[in-house]
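Novice: Give the three-dimensional model of this entry:
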Amino acid sequence: MLIAAVCGIIVAFGKKIENLSYQTYLQSLRLNATIELSTIREQFESEMVDRVLRITQLASALSENPDMNQTEYNIKAVDFLLQSNDVINIAAAPDLVVSMVFPKTGNEAVLGLDYRANPAQYPKVAEAMRTGRGQIDGPVDLVQGGRGLILRQPVFTKRNGQTEPWGLLSVVLDYDSFVDNISRSNLSERYDIVLRERRIDDAPTAQVLLGDIDALSQDPVVMTLNIPLGIWELAATPAEGWPQRRPQFYWHWALRLAFTSLVAFGLMYVLRLADNRRNAESRLQNGIEALHHGFVMFDPEGRLIAMNQKYAEMHGPSSVVKIGVKYEDIVKSSLAKGVIRGAVGREEEWLEGWRNRPLDGSSDPEQVLPDGRIMQTSDRLMEDGSVVGLRIDVTDLKRAQQAAEAANKAKTDFMGVLSHELRTPLTVILGHARLARHVDRLPPAVALHEALKAHPEIAEEIEPHLKSLTGQIVNMMTRLERSGEHLLSLISEILDFAKLESGSQAIQPTQNDINEIVGPVEDQMRPMIEDKGLEFDVSVEPGEIYADANRVRQVLINLVGNATKFTQTGSIKLHVVMDDNLVEFSVADTGIGIPEDQVSRVFEAFHQVDASSTRQFGGTGLGLAISRDIAEMHGGTLTASSVPGQGSTFVLRLPREPEESEESTETPEERQNMVA
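Specialist: Coordinates of the predicted model:
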C-alpha cells in the first residue's frame, strides 16, 4: 500500500508539472510567432504609409486644380509610378467616372469606368466618398485583367467657401507582387497567415488581403496594424495547428514512470547491492587482466592498489612491484636498474623532476626496457587523487615510424639533388635563350647588316626576309625564355621545399626598413597586375623589422602573385600595419576565393584546391607551404580567410624584434618518460 500511495503521488505531481510545462511551451511558441510576424507588420505598415503619403499628395494636387488635364495629371502621377514597381495604374475619376489614367498604355479599358455602374466596387467607393477617408480594397478583379489591390482616396474641392466632392483617386497595385513584397520570408510555409481589415461593426464587407479567414478560428496570434487607411489585423497559426502536447511528451512520462519504478524497486536494489559489488570487482579484475597493455592504479597516498599481470612482467620477476608498495619505490628501482636512460648519472635531479610532473596527459613520454622494448607511459590523475597508468608496447610502431622518417628524408634529399641538377643546365639554356633573343646584336648579324649596306642593290630584296627571320627567332626565344623562367621557378620551389623539409634552410635576419622590403615587391608586381587590368593598392606604415628581407619579399611576392593569378577583375591590396611588437602584412584580392572546406588545407605541400584550377592556373602547390615555413622560421604566422566568389585574404604576422629564447638544458633523453 505504501509503494502504491507513493507512486500515485508521483504520477499526480508529474501530471501537474506536465500541464504547467505545456502552457509555458505554448506561450513560447506564440511569442516566437509574434516576433516573426512583426517583420510582415513592419513591411506592410512601411509600404502603406509610404503609398498613402504619396496618394494624399496627388489628391491634394487634384483638389487644388480640379480642372487638371491629362498632361498635367501625367506629370503628377509619374513620380508615384517611378517610386513603386508594383503599381499598375493611377486613375482619376471626377464624378466617379474614370477620365484620366496613367500609364495609359495597357489600361485603356479603365477609361470611362463608371463606379456607380460597377456593383463589385461601388459599395466601397460610396463609403469612401461618404466618410471622406481613404480605403484599401482587394483583391479585386480588374477590368483590364488580372487582380489588383486598390488604394482609394476621395478628392474634395472648395468652391465658394463650400467643400464639395470632386471624385475619386485610385492607385491600383499588382496584388500578387504586393503580397510577395510584404511576405518575403518563408513564414507562409510555416504559418497560416491572415491579413484583414478590422471593422468595429464586424461588417461582412471587411477586406481580407491575405490568407483564409477560416484560420482565425484556430486561436491565432493577432497583431494590430495602424495605418492611415484604417485598422488592420495580422493573424497567424502554425500550418499544422498548435501542438497538443510539448515535445518529448512520452519521453518525459517514461522518465517519470522509470523514477516511480526505481522507488518501487529501491529496497530490492539495496538487498542485492553487496552481491553486485562483488561481481563488479571480479569483472574489473578480469577486464584489466584481459588488457594487452600494462595497467596499474595507485591510491591518493601513492600506494599500488591494482595491477594486471602484464605490468608485473614488464618489471621482471625480481622487481619490487606488489600490492601496497609505493609508486616512488618502483621508480627508484627502475632508476637503479638503468631502465630510464635519460636519468643515468643524474638520478636525484631526474627524480625531483618526476615528483613535480603533470598528471593531466600533457606529457606522455616513453620508457626503454632493458630488452630494448619501448613502452609508451601514460598516467592520469583521478578526482579522488588516485593515479591510473597504462604501459603500452609501441616498439613495432616506433620502428615503423623511424623507417618512415628515413624514407621521407631520402625522398627529400633526392628532391633537393634532382632540383639542383635540373636548375644548373636550365640556367645555361636561359642564358643562351636571352642571347638568341637579341640575335640582331650578335657579331654575325652585325656583319651581315654591314654587308647589305655595302650592296644596296640586293639589300632592298633581302632585308624584309631577314627582318622576318629575326622576328621569328626573337618570338621563339621569348617564349622559350618565359617557359624556362616558369620552369626555373617551379624547380626553385621544389629545392626550397626540400631544404625546409631537411632542415638545411636557414634565415639571415637583419634590421630592415619596412619600405625596403615592400618597395621592391611593389615595383616587381605592379606591371604584371596592371597589365591584367587590376588595381594594385599598397599602403605601408613606416617602421623597422628584424627579419630576413629576401625571404619576407619571397613570401609577399608569392602571395601577391597568387592573388593576381586567381583574380580576373577588381583589385589586389597589400597593406602593412604594425604595433609595438608585431608587423602585419595582409594581401587581399577580389578573385574566385577558396571553398570553406579547403581553406585549412591550402598550406599543405603539393595541395591544389581542385584539378581544374591546376590546369587553368598552373603551379606546384608548394608556394604557400614554403611561405608558411618561412613565417614560422621568423617566429610568425601565415593565415588565410576566404569567401568563394568574393575573394581571399592572406595575413603574414611577424615579430618586429627577435624573440629572446631561453636556452634549454633539457636533453632528448630527459624528455623520455619520467614515470616507471
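Novice: And Ser63, how far from Trp232?
Specialist: Going from Ser63 to Trp232 by CB to CB, to the nearest Å gives 26 Å. For the C-beta atoms, the positions are set from N, CA and C on the backbone; glycine is no exception.
Novice: ok, those two, which is more surrounded?
Specialist: Trp232 (22 against 16; other CB atoms under 10 Å).
Novice: quick one: the more buried one and Arg147, what's the gap?
Specialist: Trp232 is 19 Å from Arg147, by CB to CB.
Novice: confidence score at the residue of the chain most remote from its centre?
Specialist: In terms of distance from the mean C-alpha position of the chain, Glu457 ranks first, at 75.0 Å (CA atoms, centre = their mean). Listed pLDDT for Glu457 reads 74.
Novice: And the next helix or strand past the strand or helix carrying it?
Specialist: Per DSSP states H and E: Glu457 is located in helix 456-502. The helix or strand immediately downstream of helix 456-502 is strand 510-513, counting by DSSP H and E.
Novice: and for that following strand, what are the contacting residues?
Specialist: By CB atoms under 8 Å, 6 or more residues apart in numbering, the surrounding residues in contact with strand 510-513 are 542-549.
Novice: what ranges do the strands span in the stretch 201-350 of the chain?
Specialist: 208-210, 221-227, 230-238, 294-298, 304-307 (DSSP state E, counting those that start in this stretch).
Novice: Columns distance to Val583 and mean pLDDT on top of the ones you listed, output as JSON lines?
Specialist: Shown next, in JSON lines, are these (distance: least, CB to CB, whole Å; pLDDT from 0 to 100):
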{"stretch": "strand 208-210", "distance to Val583": "59", "mean pLDDT": "74"}
{"stretch": "strand 221-227", "distance to Val583": "56", "mean pLDDT": "78"}
{"stretch": "strand 230-238", "distance to Val583": "56", "mean pLDDT": "79"}
{"stretch": "strand 294-298", "distance to Val583": "51", "mean pLDDT": "84"}
{"stretch": "strand 304-307", "distance to Val583": "55", "mean pLDDT": "84"}
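Novice: wait, which of those strands is closest to Ala274?
Specialist: strand 304-307 (20.1 Å; CB to CB).
Novice: Just the CA trace of the closest one, in CSV.
Specialist: Extracted C-alpha coordinates of strand 304-307, given in CSV (Å, rounded to 0.1, in the frame of the first residue of the first chain):
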residue,chain,number,x,y,z
LEU,A,304,49.8,0.4,-5.6
ILE,A,305,46.2,-1.0,-5.2
ALA,A,306,45.6,-2.7,-8.6
MET,A,307,47.6,-4.0,-11.5
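Novice: Helices of the stretch 501-650 of the chain, residue ranges please.
Specialist: Using DSSP state H, counting those that start in this stretch, the helices of the stretch 501-650 of the chain run over residues 514-531, 549-565, 611-617, 623-633.
Novice: Same question for the stretch 151-300 of the chain.
Specialist: 175-182, 187-190, 249-264, 266-290.
Novice: Out of these, which one sits most buried?
Specialist: Mean neighbours per residue, mean count of other CB atoms under 10 Å, is largest over the helices of the stretch 151-300 of the chain for helix 175-182, with a mean of 18.
Novice: got the contact list for it?
Specialist: Residues contacting helix 175-182 (CB under 8 Å, 6+ apart): 40, 43-44, 47, 85-86, 138-140, 146-149, 209-210.
Novice: who touches Thr34 in this structure?
Specialist: So Thr34 contacts 221, 223 (CB under 8 Å, 6+ apart).
Novice: Surely Leu359 and Met382 touch.
Specialist: No - with contact defined as CB atoms under 8 Å, Leu359 does not reach Met382; the gap is 9.3 Å.
Novice: any idea how far Ile40 is from Thr34?
Specialist: On the measure of CB to CB, Thr34 and Ile40 end up 11 Å apart.
Novice: actually Arg553, sorry about that
Specialist: 57 Å.
Novice: Same question for Asp580.
Specialist: From Asp580 to Ile40 the distance is 53 Å (CB to CB).
Novice: cool, and Tyr191?
Specialist: Applying CB to CB to Tyr191 and Ile40 gives a distance of 10 Å.
Novice: Could you do Pro247 as well?
Specialist: 26 Å.
Novice: So which of the two has more stuff around it?
Specialist: A direct count of neighbours by other CB under 10 Å for Pro247 and Ile40 places Ile40 higher, at 23 against 8.
Novice: tell me the secondary structure for the more buried one?
Specialist: helix (DSSP: H, G, I helix; E, B strand; the rest coil).
Novice: Go ahead and confirm it touches Glu233.
Specialist: No - applying CB under 8 Å as the test, Ile40 and Glu233 come out as separate, 11.9 Å apart.
Novice: Between the two, which contacts overlap?
Specialist: What both Ile40 and Glu233 touch, as defined by CB under 8 Å, 6+ apart, is the set Leu195.
Novice: quick revisit: out of the helices of the stretch 501-650 of the chain, which is closest to Thr377?
Specialist: It's helix 623-633; of those, that one is closest to Thr377 (CB to CB) at 30.1 Å.
Novice: counting contacts, what elements does the closest one pack onto?
Specialist: Using 3 or more CB pairs under 8 Å, 6 or more residues apart in numbering; DSSP states H and E, the elements in contact with helix 623-633 are helix 456-502, helix 549-565, strand 637-643, strand 647-655.
Novice: Only C-alpha atoms, please: export that helix in CSV.
Specialist: Extracted in CSV, the C-alpha atoms of helix 623-633 (Å, rounded to 0.1, in the frame of the first residue of the first chain):
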residue,chain,number,x,y,z
GLY,A,623,54.4,28.3,-52.7
LEU,A,624,52.1,28.6,-49.7
ALA,A,625,53.8,25.7,-47.9
ILE,A,626,57.2,27.4,-48.3
SER,A,627,55.7,30.8,-47.3
ARG,A,628,54.2,29.3,-44.1
ASP,A,629,57.5,27.7,-43.2
ILE,A,630,59.4,30.9,-43.7
ALA,A,631,56.9,32.7,-41.5
GLU,A,632,57.3,30.1,-38.7
MET,A,633,61.1,30.3,-39.0
